[in-house]
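Chemist: Just a sequence and a predicted model for now, questions to come.
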Amino acid sequence: MPAVKGFSIVYNALNEDGTFSEGDTLSGKVTLALQKPSAVQSLFVKVKGDAQVRWTTRSGNHNHTHSSHRRYFKLKHFLIAENTNETVLPQGNHVYDFSFTLPSTSMPSSFKGSHGYIVYRLEAKLSRSWRVDQTVDKEIFFRSKSLPYLQTLMSPQIGVADKEVGIFSSGNVHMEVTVDRTAYAPGQTAMIVAKINNSSSSDMIPKVRLTQAIVYTASSSTKHESRNIHKIAGQSVHPHSNKEVSWAVKIPANQELSIKNCDIISVEYSLKVYLDISFAFDPAVNFPVIIISPTLMSCSQPSVSGPNSDFLPFAPSVPHYPASPHRYPAAQAYSAPPPSYPGNPSLMYPNQPVPTAWRYSNPGSHASSYGSPCLPSSSSNILHPPPNVHSFHAPSPPFHPRPSGQMTDSDPAIPQVVDTAPSAPAYELPPYLMNTNFLSQSDEPPPAYSVIFPSSANEESNEA
């Protein structure tokens, strides 16, 4: 009866597609089921990424093999350390957890072609004395997210073709083609519009073709492959007429991604829009197309401000001030308490709350790790409105109540709040400065401050 009943490895998916990219964490479990106690030399798990190309050419009676290999990384972790003394495991199921952090350097996406492949593989290996090593592995589907200038690939492409029609007809043709962007994810649709001006005497049929081109490289030799993914024809454009033709070309959901960061395998795509003219060279416009992973495509879309965004539009909140008999309706509240008058306690200002107006409202986040982009850095995001001119209350004469019926019109009434804000003192310029233009640019020094505003006698006496 064999000791090992089961040996398997599984990994935890990070998304619904089960794909990984640069810098991701790859974790999982290795399960070893034993029917009886067994001595183990070592148990380890490793993950690696490799690219390989290979093809054969025949020259005369000789065959020549072209091959090349690239290793992008290899990570290894021992679950049972390898040592001179074997580790005896009891009967039962033994589960071991593992975790790797994939390199953050640029690596190509997984690919399998007729003359090469790019494969990422997870493998577990069990070694025992006098036994053949047992190995289990799983392929990891890798989707590269290393693509510089991604935002520029979201802009439309425009191409123009002008051509004189051939020998069997006369005139010329002008075609202007627009493609909505350069980068697409599998399953998305490319929108193409062609404006055609047929000034010739020939009929022509507008067509569009999506092509995949694969190049395998080994030393100084290359192997090329090309195939058409889509080919669509439009309606005929008659002589001396204008026509606008549009196509919707869908990228297959299982289409291989573009590969530009591998030196032995490259996968490229192109859209060709051309006019099929009998007995003439076809005018054409070629556009590059890059197919990227859906995750990378979602990152390239413009984000919308949400509850957790630090860049919300300005939304000032209106402050609420409680009604007060000692404040005019048009007056603003102060962030500091107003002065009190001990001689007349009834005229003291009530305590007012600090206003919280003119703040940036962010209902989903109370504290931002980046701070507000518009407010100055401080311990508070509150901007108070500027205070208005202070309202002063003139002290009232002492009030002496009399017995009922003895009040007269000359008696002082109930103290009233009087706004006696003092006006600024008036200053008169000396006659010799009345016609002086202080804004003129001249070499004469400006007059001294004491000449323009002479101090009063009271100030001089105080200073003395």
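Modeler: Received the coordinates, thanks. For clarity, every value in this text was computed on a predicted model and none was experimentally measured.
Chemist: Let me see the contact set for D276.
Modeler: 204-207, 233, 282 (Cβ atoms under 8 Å, 6 or more residues apart in numbering). Where you see a C-beta, it was placed from the backbone N, CA and C, and this is true even at glycine.
Chemist: try P37
Modeler: 3, 88-91.
Chemist: Buried only: go through the residues you listed for me.
Modeler: The neighbour-count test (16 or more other Cβ atoms under 10 Å) marks 3, 89 as buried among those.
Chemist: if we can go back for a sec, please tabulate the contacts of D276 in CSV, including the columns neighbour count and secondary structure.
Modeler: Formatted as CSV, the contacts of D276 follow (neighbours: other Cβ atoms under 10 Å; DSSP: H, G, I helix; E, B strand; the rest coil):
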residue, neighbour count, secondary structure
M204, 26, strand
I205, 16, strand
P206, 25, strand
K207, 19, strand
A233, 13, strand
D282, 15, coil
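Chemist: how about those in TSV, adding pLDDT and distance to E139?
Modeler: Shown next, in TSV, are the contacts of D276 (pLDDT from 0 to 100; distance: Cβ to Cβ, whole Å):
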residue	pLDDT	distance to E139
M204	91	48
I205	94	44
P206	95	42
K207	95	38
A233	93	39
D282	87	43
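Chemist: in stretch 28-43, what's buried?
Modeler: 28, 30, 32, 34, 38, 40-43.
Chemist: what's the span of it from first residue to last?
Modeler: Chord length of stretch 28-43, first to last residue, is 15 Å (Cα to Cα, to the nearest Å).
Chemist: I140 contacts I118, correct?
Modeler: No - look at I140 against I118 with Cβ atoms under 8 Å: they stay out of range, at 11.4 Å.
Chemist: So for the two, which sits in the more crowded spot?
Modeler: For I140 versus I118, neighbours defined as other Cβ atoms under 10 Å are more numerous around I118 (25 against 20).
Chemist: Wasn't that one part of a strand?
Modeler: Yes - according to DSSP: H, G, I helix; E, B strand; the rest coil, I118 belongs to a strand.
Chemist: of the contacts of P37, closest to K76?
Modeler: L89 (20.6 Å; Cβ to Cβ).
Chemist: Name the residues linked to the closest one by a beta bridge.
Modeler: Beta-bridge partners for L89, by DSSP bridges, are S38.
Chemist: Hmm, it is touching S38, no?
Modeler: Yes - counting by Cβ under 8 Å, S38 is a contact partner of L89 at 5.7 Å.
Chemist: coming back round to it: list residues touching both of I140 and I118?
Modeler: Joint contacts of I140 and I118 (Cβ under 8 Å, 6+ apart) are S110.
Chemist: Just the terminal-to-terminal distance for stretch 282-297.
Modeler: 34 Å.
Chemist: Same question for stretch 83-92.
Modeler: Taking Cα to Cα as the criterion, the two ends of stretch 83-92 lie 23 Å apart.
Chemist: For it, give me every contacting residue.
Modeler: Taking Cβ under 8 Å, 6+ apart as the rule, stretch 83-92 contacts 32-41, 80, 128-129.
Chemist: any chance of those residues in TSV, with secondary structure too?
Modeler: Supplementary listing: the contacts of stretch 83-92 in TSV, determined by three-state DSSP:
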residue	secondary structure
L32	strand
A33	strand
L34	strand
Q35	coil
K36	coil
P37	coil
S38	strand
A39	strand
V40	strand
Q41	coil
I80	strand
R128	coil
S129	coil
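Chemist: any idea how far H240 is from A233?
Modeler: 21 Å (Cβ to Cβ, to the nearest Å).
Chemist: let me redo that: K76
Modeler: On the measure of Cβ to Cβ, K76 and A233 end up 55 Å apart.
Chemist: Y149 too?
Modeler: Counting by Cβ to Cβ, the gap from Y149 to A233 is 34 Å.
Chemist: what's the answer for I259, then?
Modeler: In terms of Cβ to Cβ, I259 sits 30 Å off from A233.
Chemist: Could you do Q157 as well?
Modeler: Distance from Q157 to A233, by Cβ to Cβ: 21 Å.
Chemist: Could I get the contacting residues of T57?
Modeler: 63-64, 66, 221.
Chemist: actually F100, not the one I wrote
Modeler: With Cβ under 8 Å, 6+ apart, F100 has these contacts: 25-27, 47, 75, 77.
Chemist: swap the cut-off to 10 Å and go again
Modeler: Residues near F100 by Cβ atoms under 10 Å, 6 or more residues apart in numbering: 11, 20, 24-28, 45-47, 73, 75-77, 122.
Chemist: most neighbours, which of those?
Modeler: V45 (25 neighbours).
Chemist: Pretty sure that residue sits against H77.
Modeler: Yes - look at V45 against H77 with Cβ atoms under 10 Å: they come within range, at 5.6 Å.
Chemist: Give me the common contacts of the two.
Modeler: In contact with both V45 and H77: 96, 98-100, 124, using Cβ under 10 Å, 6+ apart.
Chemist: Which stretches in the chain count as helices?
Modeler: Assigned by DSSP state H, the chain shows helices spanning 294-300, 449-452, 457-463.
Chemist: Pick out the shakiest of those, pLDDT-wise.
Modeler: With a mean of 49, helix 457-463 has the lowest mean pLDDT of these.
Chemist: If K163 is in a bridge, with which residues?
Modeler: Residues in beta-bridge contact with K163 (DSSP bridges): V173.
Chemist: Wait, it touches A284, no?
Modeler: Yes - with contacts counted by Cβ under 10 Å, K163 reaches A284, the gap being 9.1 Å.
Chemist: so what's in contact with the two at the same time?
Modeler: 175, 275.
Chemist: measure the closest residue to V160 other than its chain neighbours to L271 for me?
Modeler: Using Cβ to Cβ, 6 or more residues apart in numbering and skipping the chain neighbours, the partner closest in space to V160 is E176 (5.1 Å). The gap separating E176 from L271 is 15 Å, by Cβ to Cβ.
Chemist: Just want to know which of these two has more residues nearby.
Modeler: L271 (23 against 16).
Chemist: If the more buried one is in a bridge, with which residues?
Modeler: L210, F287.
Chemist: do G159 as well
Modeler: V177.
Chemist: doesn't K195 make contact with it?
Modeler: No - look at G159 against K195 with Cβ under 10 Å: they stay out of range, at 11.4 Å.
Chemist: Need the residues touching each of the two.
Modeler: Joint contacts of G159 and K195 (Cβ under 10 Å, 6+ apart) are 175-178.
Chemist: Looking at these, which is nearest S104?
Modeler: Nearest member of the shared contacts of G159 and K195 to S104, counting by Cβ to Cβ, is T178, at 37.0 Å.
Chemist: if I look at that closest one, how far off is F287?
Modeler: 10 Å.
Chemist: give the contact list for the closest residue to S110 other than its chain neighbours.
Modeler: Closest residue to S110 apart from its sequence neighbours, by Cβ to Cβ, 6+ apart: F142 at 4.8 Å. Counting by Cβ under 10 Å, 6+ apart, F142 touches 19-22, 24, 49, 72, 102, 107-111, 118-120, 257, 293.
Chemist: Same question for T25.
Modeler: 12, 14, 99-102.
Chemist: what pLDDT does it get?
Modeler: At T25, pLDDT is 95.
Chemist: begin at 250 from here
Modeler: OK, 250 is where the count begins now, so the last one is T274.
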